[in-house]
Every structure is written in structure tokens, then in C-alpha cells.
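one predicted model, sequence on top.
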Amino acid sequence: MLRHFPSPNPNLRHQWFRQKSSGGRRPKKKIYHRVPELDRVMHLRKKPSSILHLNSILQSQHKTNHSILLRDLEKHVGFVQKWDFMSLIERYPTIFRVGGVPPSVSLTAKAEKVAAEEGRARMMMEPLLVNKLRKLLMLCVDCRVPVETVELIGSELGLPCDFKEGFIPKYSQFFTVKNFKGRDWLELQDWDSSLAVTARETRLAQEGVLNMKPDGVRRKVKISRDGNYLGPYAFKMDFPAGFRPNVGYLEQLERWQKLEFPSPYLNARRFDAADPKSRKRAIAVLHELLSLTMEKRMTSAQLDAFHAECFLPSKLLLCLIKHHGIFYLTNKGIRSTVFLKDGYLGSNLIDKCPLMQFNDKFVSLCGRANTDIYDSKDSLQTIV
């Protein structure tokens, strides 16, 4: 027997469809705002890096008067890149010259004269490198790091290629290399509390932010719309041009900027990783790692190499993107690169070490004004 069901009320049916169709908006797609000035750094440093690489190859040819046969160039750079370097040699005759039979490449007389200054620049770099390497080891939980990890970022720090055989034994009072479970580890000999000061704290001290009133109360300031807050635990913020933070975001950021956190140079094992103070401390560790490099940048792979030794966040890239006022992650170039924003003014590096100053001078021989992205007038004295 078939049952008869009354037909639904057409008004109710219309109301049901209307509610279903307006069930809510799709969430907005999150936009990662680009920073064209820092993307431009990757483009502008491509040619200078190749010029400096070729110069280092020529300087390593001691027995041939700093020259190399063109046919032997492939042994140093590979078959594919050989043609890029051949084009580079032809493009910059003010730096490189070709002559002889069979043809060889060497530096011009003017370039050779400038290249001779590299030794003095590296000599001036040594005390800086000693302090940088000591600070790097002090950031690690056991004051040690695998030698291959140091080799991975050696060029970013300014270390010589033979640092294990030449640089480390020269400063045996500070460093030692020990084998542990089949790996060579670089260890710190003695802790130096005077070095346990971050670049962020140094900047705040210069700005007078760390100075306290006689009653011990720090001066009160309100956070601005650019996210900057003049407090002893604040980070310098530089939001992208297209980013417009709302009031809720700024209030949350103000609480974070005011939040106290332990020094990055304290052992990370002492703190709970879930504690907000420890999470902010991890940002300070990343900030200090990037501050130790010559160009205030590393590839994401280089940063990730310190994951175990520095107790970095498990989701490192997401952490960097979340704190986009402090760091900038670009995919320009062969690998993704992380910039420390307060190390740059537009596309210009602010602080230049002696080796960077030499590199700028050598590359300027090519005669292209756009090649040298660093403005020596805007550079500050390097803080030891």
C-alpha cells in the first residue's frame, strides 16, 4: 500500500534553497607580498658572483702566473657553465684578457692591481671571522657543529676554502676539531660572555632603547602602524608595500613585541619549545644566524642545516613567512633565499665587511654602474 505524503510548502522549499546557497563566503586566499628591492638583489648579484668566482679560479693558479687555458676552464666550472664564463670573459675586457697560443685567460693589469688587495682584506677579516665563528658555536646547544655544516655556509661567513687546515689550527685556543660517531665536529674551547650579545641588542643599545630610567621603569611607547615598537625585546619590522595590517593584527603584534624572551645564547634545552617565549627566542636565533653572514642572507637549505644544533622551529619556512616583517623569503635564483630585512636599505646592504668592500671594488672594474648594488656612502662601520 502506497502512502500519500503531503507536498512540501513551496515557501519553505524556497527558504531552504536560499539558506544552502548562502552558506558562507570562501576564505580569502593568503597573499605573500613580494619585495621587489630584495628580489632585485638576487638578479644584480648574479654577474658579480660569476666575476668573483672566475677571479678566485685565476688566483688559485699560482704556477701559471694567475692564468688558465680556456680549454681547461671546463675542469673548474663544468661543461655547461663553461660557455657562460666564456661569454663573461668576452663581455668584460676591462677585467679579463685572452692571449697566447693556446689561448689562456688572465686578469688585466688594472684588475691584477686591485686583486692584490684581497690579501689585505682577508687579513682584516680574520678577527671578525674568529668572533663570528665563536658566536656561531655559542648559538648551538652543545657549542659544536658538524664541519660539513660550517663548510656549507663558509662562503656566506667569509671563511677561506681551506679553513679546516689553515684557519682552525691557527686559532686552536678558540676551536678544536673532534671526531664523534664518524663525523668531524667543530667545537668551542671556551665560552666568552662578552660575545653573547646579539646584533639586535647592539642596535637597540646604539639607539638608546635599552637605557632605563632611574626608577627602573622603561619608557612607554605605543606601537605604530608599521609594526615597530621601541622596546628592549622588540624586533625591527619592515612590512611589504602592499601589506595593510588591521587593528587586531597590530594589537597582537604589540603583545608579541613586548613579550620577554631568553637570550639566543642560552642553551635551548632549558626551555619548553611550546612556550611562547621560547618560540620568540627561536626567531631571535634565526635573526642572529643571518646577522653573522656577510650579506645578511642564507639559502633555506643552509638555515635548515642548523635545525638540530640550534633547535629551530619544525616548520621553518612557515615560521619565516609568518614573520615577514623581519625576514623575506625569495624564490629568485637557483635556490630559495632568506633575507634579514633590517640588513638592507632597499637593495643596498647596510653594513659591509672588508671582504665585501674588496668585492665591490673589484666588480666595479667592469664599468657597469648597476652591477655594484652597494652604495659605499650609505654603508656603516662593521660592528665587531
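Here it is on my side, so go on.

how about the strands of the chain, start to end?
67-69, 96-99, 104-107, 144-146, 175-180, 183-188, 297-299, 327-330, 337-340, 344-345, 348-349 (DSSP state E).

would you turn those into a markdown table with distance to residue 272 and mean neighbour count?
(Each C-beta comes from the backbone N, C-alpha and C, glycine too.) Putting the strands of the chain into a markdown table (distance: least, Cβ to Cβ, whole Å; neighbours: other Cβ atoms under 10 Å) gives the following:
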| stretch | distance to residue 272 | mean neighbour count |
| --- | --- | --- |
| strand 67-69 | 56 | 16 |
| strand 96-99 | 57 | 15 |
| strand 104-107 | 56 | 21 |
| strand 144-146 | 23 | 19 |
| strand 175-180 | 27 | 14 |
| strand 183-188 | 25 | 17 |
| strand 297-299 | 27 | 22 |
| strand 327-330 | 24 | 20 |
| strand 337-340 | 26 | 23 |
| strand 344-345 | 34 | 18 |
| strand 348-349 | 37 | 20 |
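
now do the contacts for the nearest residue to residue 341 once chain neighbours are set aside.
Counting by Cβ to Cβ, 6 or more residues apart in numbering, residue 341 lies nearest to residue 238, which is 4.4 Å off, once chain neighbours are set aside. Residue 238 makes contacts with 226, 325-326, 341-342, as judged by Cβ atoms under 8 Å, 6 or more residues apart in numbering.

picking up where we left off before, of the strands of the chain, which is nearest residue 268?
Across the strands of the chain, residue 268 has its closest neighbour in strand 144-146 (13.7 Å, Cβ to Cβ).

strand partners (parallel or antiparallel) of the closest one?
Taking DSSP bridges as the criterion, strand 144-146 forms sheet pairs with strand 183-188 (antiparallel).

please compute how far the partner strand lies from its chain's middle.
Relative to its parent chain, strand 183-188 has a centroid offset of 23 Å by Cα atoms, centre = their mean, to the nearest Å.

what's it in contact with?
Residues contacting strand 183-188 (Cβ under 8 Å, 6+ apart): 133-134, 137-138, 143-148, 150, 164, 168, 174-179.

how far off centre is the biggest helix by length in the chain?
Using DSSP state H, we find that the single longest helix of the chain is helix 118-139. Offset of helix 118-139 from its chain centre (Cα atoms, centre = their mean): 17 Å.

and the angle for it with strand 183-188?
Here the directions of helix 118-139 and strand 183-188 differ by 90 degrees (axes from the mean of the first three to the mean of the last three Cα atoms, to 10 degrees).

how about helix 118-139: buried residues?
118, 121, 125, 128-139 (16 or more other Cβ atoms under 10 Å).

per-residue confidence averaged over it?
Across helix 118-139, pLDDT averages out at 96.

got it, and stretch 338-348?
On average, stretch 338-348 scores 95.

if we ignore the residues flanking it in sequence, what's nearest residue 327?
Nearest non-adjacent residue to residue 327, counting by Cβ to Cβ, 6+ apart: residue 320, 4.7 Å away.
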